[in-house]
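> Give the three-dimensional model of this entry:
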Amino acid sequence: MKSTLNKKDDVNGTIVIELDKTDYQEKVDKSLNQFRQKANIPGFRQGKVPKSVIQRMYGKAVLVDEVNKIVTEELTSFIRENKLKILGEPISDDSEEKRVDLDKDEILTFYFDVALTPDFNLQLDKKIELTYYQVKLEEDLLEKQMDAYKQNYGTYASVEEEAKDTDLIKGTLTEMEGDNEKENGLVIENAILMPSYVKEETVKNSFIGAKVGDNVVFNPKNAYDNNEAEVASLLQTTKEQVKDINADFRFDIKEVTRYQEAELNQELFNRVLGEGVVSTEEEFRTKVATELGNQFKPNADHLFIHEARDIIVDKMKDVQFPDEFLKRWLLESSDKKTAEQVEEDYPAILEDLKFQIARQKIVEENEIKVEFEDIEALAIEVAKAQFAQYGMTNLPADVLQNYTKSMLEKEETVRNLYEKATEEKIIIWLKENVTVIEKEISSKDFNEIMHEHAHLHGENDDYHADEISNEEMEAPAE
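I've put the predicted structure just below:
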C-alpha cells in the first residue's frame with residue numbers, strides 16, 4: 001500500500017492511496033470464509049457450501065466492503081501521521097478517469113481532494129487596542145435586589161388584626177345543609193385560603209376584614225367560578241370528587257397569617273451568601289453588588305472577543321483559502337442547501353473559519369492548555385449562575401457538587417465547557433499582549449450595546465456566554 005500527498009498549491013491537495021492485491025486479499029478471503037461457515041443455502045449443508053458459490057454470491061460485495069475499510073483507515077492514519085491540518089473533510093474524486101474498476105485494475109488507486117489550512121503570520125501586539133467594558137451597577141438595581149431578597153426570604157407570621165386580601169386564613173371547613181352542619185358531611189380541619197384568589201367578590205369581601213373566631217359561609221364552586229382544580233385544592237380532594245359537590249361550607253377562622261419581609265440582619269446574610277461570609281449590612285451590600293456586577297462579565301467578555309475577532313479577520317483578508325473546495329464540501333455535506341445558498345452564506349462562513357484557525361494558532365504557539373480542573377471549575381461557576389437565576393445563591397455544597405457532576409457526565413456539555421475555558425484563556429492572553437482600553441459604563445447603556453450587537457450579528461438578544469448547552473435547565477426544587 002502506498003499513500004502520497006500531491007499538492008496543487010499551498011491550500012489544495014490530493015491524497016492518493018494505492019492498493020495492490022496483497023493489501024486486501026487476505027481480509028477478503030477471511031470474510032468470505034466466515035460467510036461460508038454461516039451461509040444457509042438450499043441444497044447445501046451449513047458450512048459446506050463450495051467456495052465458488054460463496055465467491056459468486058458474495059465476492060464483489062465483500063471485496064468492496066473490505067477495500068472501503070482499508071482505504072478509510074489508511075486515509076485517517078495518513079492525515080494523522082503526517083500531521084496534516086485540513087479544513088472540512090476529504091472529498092473522494094469520483095471523476096470517470098479516476099474511478100476504480102475492481103474487475104480489471106491490478107492496482108486500485110483512490111483519490112481524495114483535501115483543503116489544507118493556510119500558513120500565515122498573525123501579529124498581535126500592544127499596537128492593537130481593544131475595549132473592555134466595566135459595568136457600573138446603578139443604585140436602584142442594587143436596591144431592587146435588596147428588596148427581592150427581603151421578599152424571597154420573608155415568612156408568614158400570625159397576626160391578631162383583621163385579615164387583608166393577601167393574608168393566609170387558616171381554619172376548619174364544614175359542609176352545611178341549610179343552617180345546620182350536614183350529617184356525615186365533609187370536614188376539613190386544616191383548610192387554607194387567601195382572599196385575593198377568591199373570584200366571587202361578595203365571598204372575597206366576607207373574608208377581608210374578618211378575624212380569628214369569625215366564620216364565613218359560602219359555596220366553594222361559586223367562590224372559585226366553578227374551577228374544579230381550585231375547589232379540589234381548597235377541599236383537599238380530587239377534581240373528580242368535587243364534581244358532585246355543590247353545597248355551602250362554613251369556614252371557622254382559627255388563624256390569620258401575614259407575609260413579612262425578611263430583615264437585613266445576620267440571618268438573611270447567612271441564607272443568601274452562606275454562614276459568616278459577611279457580618280454587616282455594608283459588607284452584604286458590597287458583596288451583592290459585586291455578584292450582580294459579575295453577571296455582566298460573560299457579555300463583556302463576548303464583546304471583547306468579538307472585537308478581537310473583527311481585527312483578526314481583517315488581518316487575514318489577504319490569506320489564501322481553498323474557496324472552491326470549501327464551497328464544494330459545504331454543498332456535499334448538506335442536504336438542504338443549494339449552490340446559490342452556499343455562495344450567499346460563504347463570506348460569513350469564511351470569516352468564522354478564519355477566526356477559528358487564528359484562535360487555534362494562538363493556542364498552539366503560546367502553549368495554552370486547558371486541564372480538567374479548568375473545566376471542573378468552570379462547570380461550578382456555570383452551575384452557580386444557573387441556580388442564581390432562580391434566586392438560589394447559597395447552595396449546599398453537596399447539591400452544587402451533584403449538579404456539577406451530572407453536567408460533566410454529558411459529552412456535549414464537557415465539549416462546550418472546554419471551548420469556553422479555552423476562550424477564557426485566550427481572553428487572558430489577549431489582555432496581556434494587546435492594549436486594553438477599559439471603559440466604565442452603566443448597566444443600562446451596556447444592555448443597549450448588547451442589544452444592538454445581538455441585532456447586528458443575528459445573535460439571541462438575551463445572549464449569555466455561560467449558557468453551556470442547548471438544554472434548558474429546569475427550575476430546581478428547593
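> How about the contacts made by N6?
13-16 (CB atoms under 8 Å, 6 or more residues apart in numbering). Where C-beta positions appear, they are placed from N, C-alpha and C, glycine not excepted.
> which SS class is D335?
coil (DSSP: H, G, I helix; E, B strand; the rest coil).
> What is the neighbour count of it?
By other CB atoms under 10 Å, 5 other residues sit near D335.
> How much space separates it from I305?
Noted for D335: a distance of 32 Å to I305, by CB to CB, to the nearest Å.
> May I see the domains of this structure written out as residue ranges?
2-116, 129-147+270-457, 155-260 (automatic domain parsing).
> Could you give the separation of the longest one from the chain centroid?
When distances are taken as CA atoms, centre = their mean, to the nearest Å, domain 129-147+270-457 is centred 13 Å away from the chain's centroid.
> same thing with the last one?
A distance of 44 Å separates the centroid of the chain from that of domain 155-260, by CA atoms, centre = their mean.
> With stretch 138-148 instead?
29 Å.
> what's next to that stretch, contact-wise?
By CB under 8 Å, 6+ apart, stretch 138-148 touches 264, 285, 288-289, 292, 391, 442-444.
> Can you flag which of these belong to strands?
S442 (DSSP state E).
> Could you pick out the buried ones from the contacts of stretch 138-148?
The neighbour count (16 or more other CB atoms under 10 Å) marks 285, 288-289, 292, 443 as buried among the contacts of stretch 138-148.
> pLDDT-wise, which helix or strand of this structure ranks last?
Within the chain, no helix or strand scores below helix 21-38, which has a mean of 80 by mean pLDDT, DSSP states H and E.
> Would you indicate which residues of whichever helix or strand comes after that one are buried?
The C-terminal neighbour of helix 21-38 among helices and strands, as given by DSSP states H and E, is helix 51-81. Judged by neighbour count (16+ other CB under 10 Å), helix 51-81 contains these buried residues: 54-55, 58-59, 62-63, 66-67, 70-71, 74-75, 78-79.
> quick one: the strands in this protein?
According to DSSP E, the strands that the chain contains are 2-7, 12-19, 86-92, 108-116, 129-136, 155-158, 168-177, 180-181, 187-193, 215-218, 249-260, 435-442.
> Quick one, which of the ones you listed gets closest to I362.
strand 129-136 (13.9 Å; CB to CB).
> Show me the contact partners of stretch 76-92.
So stretch 76-92 is contacted by 3, 5, 15, 17, 75, 110-117, 321-322, 325-326, 328-330, 332-333, 353 (CB under 8 Å, 6+ apart).
> What residues are recorded as beta-bridge partners of the nearest residue to T257 once chain neighbours are set aside?
Distances taken as CB to CB, 6 or more residues apart in numbering place Y156 nearest to T257, at 4.1 Å, with adjacent residues excluded. For Y156, the beta-bridge partners under DSSP bridges are Y259.
> so what's Y156 scoring on pLDDT?
Listed pLDDT for Y156 reads 93.
> Please report how far it lies from L234.
18 Å.
> of the two, who's got more company?
Comparing Y156 with L234 by other CB under 10 Å, the one with more neighbours is L234, at 20 against 14.
> so what's the more buried one up against?
Here L234 is in contact with 173, 188, 191, 193, 220, 224 (CB under 8 Å, 6+ apart).
> One more: E371?
With CB under 8 Å, 6+ apart, E371 has no contacts at all.
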